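Visitor: only geometry, no sequence info:
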């Protein structure tokens, strides 16, 4: 599986961040994953997608502020309008559903996608701010 290598421009710092620098591991299934700390610091340079349902998005764990809610059941149809090299980080409760969605996007030809390792559970463990808005 090819590793994402294109650059992401982070205008806050006036520099380019190689997306592959954000990849800290591959899961046992070969899914690229980024740490929640990277998403917290640089998430605004990527498209953040919550692949859970609305109840989970606004429920007890909430979601990363600024993330789009696109349930995994609708993702394949909606992403077809996006460029194949768009940087996309997917997350869910614990990373499992997001990993399935990442694999689907990789199979569709997307080259800059990753799962947020540990999902919203890991985000909470780090004490990062959470949004509950739709």
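Guide: Looks like it came in fine. Just so it is clear, the model here is predicted, and its values are computed rather than measured.
Visitor: Could I get the pLDDT score of residue 52?
Guide: The model reports residue 52 with a pLDDT of 97.
Visitor: ok, it to residue 115 distance?
Guide: Separation of residue 52 from residue 115 (Cβ to Cβ, to the nearest Å): 13 Å. Bear in mind the C-beta positions are built from the backbone N, C-alpha and C, glycine included.
Visitor: Residue 86 too?
Guide: In terms of Cβ to Cβ, residue 86 sits 16 Å off from residue 115.
Visitor: Residue 50 too?
Guide: As judged by Cβ to Cβ, residue 50 and residue 115 stand 12 Å apart.
Visitor: Common neighbours of the two, please.
Guide: Shared contacts of residue 50 and residue 115 (Cβ atoms under 8 Å, 6 or more residues apart in numbering): 90-91.
Visitor: Who are the contact partners of the closest residue to residue 53 other than its chain neighbours?
Guide: Counting by Cβ to Cβ, 6 or more residues apart in numbering, residue 53 lies nearest to residue 71, which is 5.3 Å off, once chain neighbours are set aside. Residues near residue 71 by Cβ under 8 Å, 6+ apart: 51-54.
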